[in-house]
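>>> Sequence first, predicted model second:
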Amino acid sequence: MAGLPLDVLDLTVTGAGGRVLLQPASFKVKAGEAIGIRGPSGAGKSTLLYALAGLQPKVGGTIDWGGQDLARFSDAERARFRRQHVGMVFQDFLLFEELTALGNAALTAAFAPRQEIAPIRSRATALLERLGVSRSRRNVDSFSGGERQRVAIARALANDPDIILADEPTASLDRAAADRLIGDLTDLARKEGKTLIAVSHDRHLLDRMDRCLEVADGKLLEPSHA
Ligand SMILES: Nc1ncnc2c1ncn2[C@@H]1O[C@H](COP(=O)(O)OP(=O)(O)OP(=O)(O)O)[C@@H](O)[C@H]1O
């Protein structure tokens, strides 16, 4: 699948107790662009990324992915959009401890139409191999942080999503594995046209993006170069 463009207009996010987590933010991303989101800890980077994935319950404004405004969707519609279009790498991975690495990586097969199950499983297997996860038939409960991160990345990509949203995707990887992953992710954007948005503190990752957005204290600052 090719990427989708994004048009965000006056996006706000409100958290528990009515706390404003993101003040009105507007920006555009072209299909196939690779965007970094940077800023200090607690600034609201993950908040913004989750909103773009349709995972924030209280949003205002517009989150328009190729003509579909997530901010106006029902919960069920947002879930369907995510299943069809979004590969998400969560900061804390959100793996299922009782499943194998392959079971986790191919998780979306459980919700996919019959004809898509085999392609998802074979893509998940290839991704685990590419990412150097050799123990794909082992339960992830014995895995290290770096192995978990790689399983989480394989899961996000196994569905061949046209949008990749990644929260600190290199945080648990050593430099060599991180650099390989950055190459893989930017290739997906540049060669396959997928839209990539990654929150990161990793200078190496930010430097490889087409451009970066900066978030500070719940505000999107003027877009800047990495
Ligand atoms: N649902 C919520 N309700 C209330 N406050 C929240 C909620 N979610 C996040 N926050 C708060 O919003 C702020 C921004 O959090 P966020 O996780 O987006 O920051 P971040 O920039 O990604 O930080 P880090 O780099 O440390 O991951 C933090 O103060 C956090 O505690």
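Arrived safely, thanks for sending.
>>> just checking, what packs against the lowest-mean-pLDDT helix or strand in the chain?
Ranked by mean pLDDT, DSSP states H and E, the helix or strand of the chain with the weakest confidence is helix 175-192, at a mean of 88. Counting contacts by 3 or more C-beta pairs under 8 Å, 6 or more residues apart in numbering; DSSP states H and E, helix 175-192 is packed against strand 34-38, helix 145-158, strand 163-167, strand 195-199, helix 203-208. (Each C-beta comes from the backbone N, C-alpha and C, glycine too.)
>>> what's the offset of the longest one from the middle of its chain?
This means helix 145-158. In terms of C-alpha atoms, centre = their mean, to the nearest Å, the centre of helix 145-158 is found 11 Å from the chain centre.
>>> Contacts for that helix, please.
With C-beta atoms under 8 Å, 6 or more residues apart in numbering as the test, helix 145-158 has contacts from 87-90, 93-95, 101, 104-109, 120, 123-124, 127-128, 131-133, 135, 140, 143, 164, 166, 169-174, 177, 181, 188.
>>> Which residue would be the closest one in this protein to the ligand?
Across the chain, the shortest distance to the ligand (C-beta to the nearest ligand atom) belongs to residue 15, at 2.5 Å.
>>> Low-confidence ranges, the protein, go.
Judged by pLDDT under 70, the chain has its weakly predicted residues at 1-2, 222-226.
>>> Now do the contacts for the most centrally placed residue in it.
Nearest to the centroid of the C-alpha atoms of the chain, with distances taken as C-alpha atoms, centre = their mean, sits residue 165, at 1.9 Å. Each residue near residue 165 by C-beta under 8 Å, 6+ apart is listed here: 49, 52, 53, 86, 87, 88, 89, 197, 198.
>>> Same question for residue 219.
Taking C-beta under 8 Å, 6+ apart, one finds 22, 23, 25, 44 in contact with residue 219.
>>> Now, of those, which are buried?
22, 25, 44 (16 or more other C-beta atoms under 10 Å).
>>> wait, isn't the last one in contact with residue 19?
Translated: residue 44. No. Counting by C-beta atoms under 8 Å, residue 44 does not reach residue 19; the two are 11.0 Å apart.
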